[in-house]
Structure formats: structure tokens, C-alpha cells
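A.B. asks: Show me how the following folds:
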Amino acid sequence: MLYWLTIWSDGGDFFNLFRYITFRAGGAFMTALIFGFLFGPPLILSLRRRQGKGQPIRSDGPESHLAKAGTPTMGGLLIVGALLTSTLLWARLDNPYVWLVLFVTLAFGLIGFADDYAKVSKGNHKGVPGRVRLALGFLIALIAAGWASWHHPAELQFQLALPVFKDVLVNLGFLFIPFAMIVVVGAANAVNLTDGLDGLAIMPVMIASGALGIIAYTVGRTDFTEYLGLHYVPGTGEILIFVAGLVGGGLGFLWYNAPPAAVFMGDTGSLALGGALGAIAVATKHELVLGIVGGLFVAEALSVIVQVIYFKRTGKRVFLMAPIHHHYEKKGWAEPQIVIRFWIIALILAMIGLATLKLR
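C.D. replies: As a prediction, the model looks like this:
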């Protein structure tokens, strides 16, 4: 919205700063961070009053989690509110990719909100049925995949770009749509599975989104894409504004989610943020790179898949408990130890993912 202040600029004054994505990204970051600090305490107080017993704790989970009883959930409202406010304020609202990522984020956030509300109101961990959640998620992803394909340059429509092998495009045809749907829904649910310890999910989300934000800014500039040999996707640079709002809002949330958490993000936050990562990857034509920068989420999801398949076939378990962060809890690792080590892994993977921009 503030971009339109540039109509008052003569090219050499303060208003001219609003032309620059990097300046507006900084503004979005600070806006979201301040939003989190201002509205965090009243939101947490309201959630605590309304939810009473807070998020239901699974009786079959790690014993240490019983101490978390009474902690309110739906803290994802704080993150989504912060990034929505900052994006609408600082991004160009005539950019289709901005609306794409906002749509996916809010839509998945609504699914998560319904799930959290059902859990809290019923007083157990069973929320919206899994099939309903998946069906709605794939519907949202279908709209997003078609949206992105419509706005991609003609030479990139329905094409799969490969990391490192930058001259190679795999023409998936209309199979690109279901592929993109799997990317978005898979990312949303992978982040949801990762959100099991205080602070565990939000920092890797910020790291992965930061890497994707750099990618979005890079592929949206012809000078950068020519130098790095990447595919140019005009308009994606504005996604950096959204990412800056996500990181700022995420830091504001982490202030209250740091161990011991005063609030959980819940499915409201985890599904929204995971969906956002998938949408950014599809918009920027870096779906496969998402599997690298978000490798921690991939590992968490795979641990559940492997555990379920192996148990159904043999009656035995590969991990002491899935997702894999619970496996390490069962092995005696302290919660902060798991969280910080997983943060480090997420950072390393994000750096590897960014390195693919240069590798050839």
C-alpha cells in the first residue's frame, strides 16, 4: 500500500525509497515484529481465558509433555496477523504473486484454526477429520497451482526447473498441476508434523522462508538471473515483502514460544506457514529446492511415513516415537537440546539450498 507514495516522488526524495523492494522489506519486518510485541500479550491472555485447559496433551506422547497442560494454542493468529498486516502495508498490491501466497497462507490458516477450535472445544486431540483437512488442502493447492501457472512466463508454464542443472526444464504438461498441489499440501503438513516442541517449528520456518525470499528476489531480477543462469520469473521479487513480514512476525511469536512456551502456534500457524513455503516455491519455480531448504520438515514427515508403513508390515517400530524429534526425546535428549540442534540443521540445509543458485 505504501508503495503508492512513490507518486509524490520526483526521483530524488524520501518517497522514492518506497520504490525499492529492500527498503519496503525492512519496513515489513519491523512492522510485523512490533505487531508481535504489541498484540502478543493481549492475544495470549484472551486465548488463555477462552480455552481454559488449553491445548489437549496426548496421553501417549512423551511424559515430559504433561507439564505443558494448560498452555493455550492458536498462537499462529499472531504470526498470520503480523505478516498479513505488514504485507498489505508494504507490498505492491497489484502483484499477483503477493495475493497468491496470502491466499494460500490464510486458507490453510483457516483449516488449522478450525482444527484447533475443534480440539479445544472437545477437550481432546481429535480435531477436523484428516480426510477433510486433506481434501480442503488439495482444493486450495489446486487453485494456487493454476494461479501460479497462469502468471508464469509462457516459456516456464508447466515446466519443472532443476537445481544446479539450470539449463534443463522438464515439461510436465498438465501433470505440473498435481505436482504443485503435492508440494503445497506436503509442505503444509510437514511443518505441522514438526511443530511438537517449544520453538522447534518457527525458527526453521523463518530460516527456510528467508532462503526462499532471497530466491524470490533473485529470480525476479533480470540482472541476477542472467549472472546466475537462473530462469527469470518477473514479479516474484515482491514476495520478499511477505517473507520479511513472516520473519518479523515469527520472531515476535518466538518471544512467547521460547521454552517454556506461553502459547503454542497450533495448526493455525503450522498449516498456514507450511502452505506459504509451498506457495513461494511454486511461484518462484523452485519446488525441488524447497526439499533442500526445508529438508528438516521433509525428514520429520518421512519419519512418520516410515514408522507407519514399517509398523503395519512388521508390528515393529523404526523409531522410538515419530515424528523424529520425539524419538530423541525418548532417547533422553533435553527439549532445548533437540530444538537448537534442529535449528542448526535447518540453517545448514538452507545454506546448501542457496548454494544451488550459484552451482552449475
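
A.B. asks: Sketch out the low-pLDDT regions of the stretch 151-300 of the chain for me.
C.D. replies: Nowhere does the stretch 151-300 of the chain drop to pLDDT under 70.

A.B. asks: same thing but 90
C.D. replies: Where the stretch 151-300 of the chain drops to pLDDT under 90, the residues are 164-168, 196, 258-260.

A.B. asks: can you pull out the strands in it?
C.D. replies: Chain-ordered strands for the stretch 151-300 of the chain, with DSSP state E, counting those that start in this stretch as the definition, fall at 159-161, 169-171.

A.B. asks: any idea how far Ile324 is from the spatially most central residue of the chain?
C.D. replies: Residue closest to the mean C-alpha point of the chain, counted by C-alpha atoms, centre = their mean, is Leu273 at 3.0 Å. Distance, Leu273 to Ile324, by C-beta to C-beta, to the nearest Å: 19 Å. In short, each C-beta sits where N, CA and C put it, glycine included.

A.B. asks: Val164 too?
C.D. replies: 27 Å.

A.B. asks: Settle it for me: which of these two has more neighbours?
C.D. replies: In this view Val164 and Ile324 are compared by other C-beta atoms under 10 Å, and Ile324 has more residues nearby, 25 against 13.

A.B. asks: State the helix or strand in which the residue nearest to that one when sequence neighbours are not counted lies.
C.D. replies: Nearest non-adjacent residue to Ile324, counting by C-beta to C-beta, 6 or more residues apart in numbering: Ser303, 3.9 Å away. Here Ser303 is covered by helix 295-314, with elements defined by DSSP states H and E.

A.B. asks: follow-up on the earlier one: quick one: contacts for the residue nearest to Ile324?
C.D. replies: Val318, Phe319, Ala322, Pro323, Ile324, His327 (C-beta atoms under 8 Å, 6 or more residues apart in numbering).

A.B. asks: now Phe253
C.D. replies: By C-beta under 8 Å, 6+ apart, Phe253 lies in contact with Gly36, Gly40, Gly75, Gly76, Leu78, Ile79, Ala82, Ile202, Val263, Met265, Gly269.

A.B. asks: Not counting its neighbours along the chain, what's nearest Leu100?
C.D. replies: Per C-beta to C-beta, 6+ apart, closest to Leu100 is Trp147, 5.2 Å.

A.B. asks: For Asp116, give me the pLDDT.
C.D. replies: Asp116 is assigned a predicted lDDT (pLDDT) of 93.

A.B. asks: Tell me, how many residues neighbour it?
C.D. replies: Counted with other C-beta under 10 Å, Asp116 comes out at 29.

A.B. asks: Let me know whether it touches Gly266 as I believe.
C.D. replies: Yes - applying C-beta atoms under 8 Å, one finds Asp116 in contact with Gly266, separated by 4.3 Å.

A.B. asks: helices and strands around the longest helix anywhere in the chain, which ones?
C.D. replies: Secondary structure of the chain per DSSP state H: the longest helix is helix 21-51. Helix 21-51 sits against helix 76-90, helix 239-257, with contacts defined as 3 or more C-beta pairs under 8 Å, 6 or more residues apart in numbering; DSSP states H and E.

A.B. asks: List the buried residues of the next helix or strand after the first one.
C.D. replies: Using DSSP H and E, the next helix or strand after helix 76-90 towards the C-terminus is helix 96-122. Of all the residues in helix 96-122, those buried under the rule 16 or more other C-beta atoms under 10 Å are 97-98, 100-117, 119-120.

A.B. asks: go on, stretch 166-175?
C.D. replies: Lys166, Leu169.

A.B. asks: Straight-line length of that stretch, end to end?
C.D. replies: Across its full length, stretch 166-175 reaches 21 Å between end residues, using C-alpha to C-alpha, to the nearest Å.

A.B. asks: Would you check that Lys331 makes contact with Leu320?
C.D. replies: Yes - contact criterion C-beta under 8 Å: Lys331 and Leu320 qualify, at 6.6 Å.

A.B. asks: When the two are compared, which one has more neighbours?
C.D. replies: Leu320 (14 against 11).

A.B. asks: you'd agree that one is in a strand?
C.D. replies: No - read with DSSP: H, G, I helix; E, B strand; the rest coil, Leu320 is coil and lies in no strand.

A.B. asks: residues in contact with it?
C.D. replies: His326, His327, Lys330, Lys331.

A.B. asks: Now do it, the pLDDT please.
C.D. replies: 93.

A.B. asks: and the closest residue to Phe35 other than its chain neighbours, how far is that from Trp147?
C.D. replies: The shortest distance from Phe35 to any non-neighbouring residue, by C-beta to C-beta, 6+ apart, is to Ala82 (4.1 Å). Counting by C-beta to C-beta, the gap from Ala82 to Trp147 is 24 Å.

A.B. asks: Which one's more surrounded, those two?
C.D. replies: The neighbour count for Ala82 versus Trp147, taken as other C-beta under 10 Å, is higher for Ala82 (30 against 20).

A.B. asks: Good, we can wrap up now.
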